[in-house]
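J.: Need a 3D model of the sequence below.
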Amino acid sequence: MDPELAPVEEARGAVFPALSDEALPEIRRQIAEGSPGLDSEALTAGGRVRVEERQVPGPEGEPDITVLILSPAEDRGPKGGILSLHGGGMIMGDAGTT
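T.: Numbering: from 1, shown residues only. Next up is the predicted model:
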């Protein structure tokens, strides 16, 4: 680890326990309580963006995954897309966690 990041890691460790199977439920609870969630007005850009929530199949034996699809409210034909994946290993938070 970069030595300059040591204070950040120490501060994180004071709030969240070390990541483990046993600690994960408590970490998830803390994140859910501390996250303001999605702001509908901001997410829809005042109605200019359509937000659609869908479920896609998860890995075999695991639950489906909730995805949000954001597209222009005024459809103007074919368009490109951006796939954004949370970089946290998909073990904490959800589509509504900011």
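
J.: Which of the three states applies to residue 68?
T.: strand (DSSP: H, G, I helix; E, B strand; the rest coil).

J.: hey, what's it bridged with?
T.: Under DSSP bridges, the beta-bridge partners of residue 68 are residue 53.

J.: and it, how many neighbours does it have?
T.: Number of residues near residue 68 (other C-beta atoms under 10 Å) recorded here: 13. The C-beta positions use only the backbone N, C-alpha and C, and glycine is treated the same way.

J.: again with residue 28
T.: Residue 28: 15 neighbours (other C-beta under 10 Å).

J.: what's the closest non-adjacent residue to it?
T.: Leaving out its chain neighbours, the residue that sits closest to residue 28 by C-beta to C-beta, 6 or more residues apart in numbering is residue 92, at 5.6 Å.

J.: Against which helices or strands is the lowest-mean-pLDDT helix or strand in the chain packed?
T.: None of the helices or strands of the chain scores lower by mean pLDDT, DSSP states H and E than helix 40-43, at a mean of 75. Other helices and strands packing on helix 40-43, by 3 or more C-beta pairs under 8 Å, 6 or more residues apart in numbering; DSSP states H and E, are strand 49-56.

J.: any idea how far the strand it packs on is from the chain center?
T.: 14 Å (C-alpha atoms, centre = their mean, to the nearest Å).

J.: for stretch 43-50, same thing?
T.: In terms of C-alpha atoms, centre = their mean, the centre of stretch 43-50 is found 19 Å from the chain centre.

J.: Please apply the same query to stretch 6-18.
T.: The answer for stretch 6-18 is 20 Å, by C-alpha atoms, centre = their mean.

J.: Understood, closing this out.
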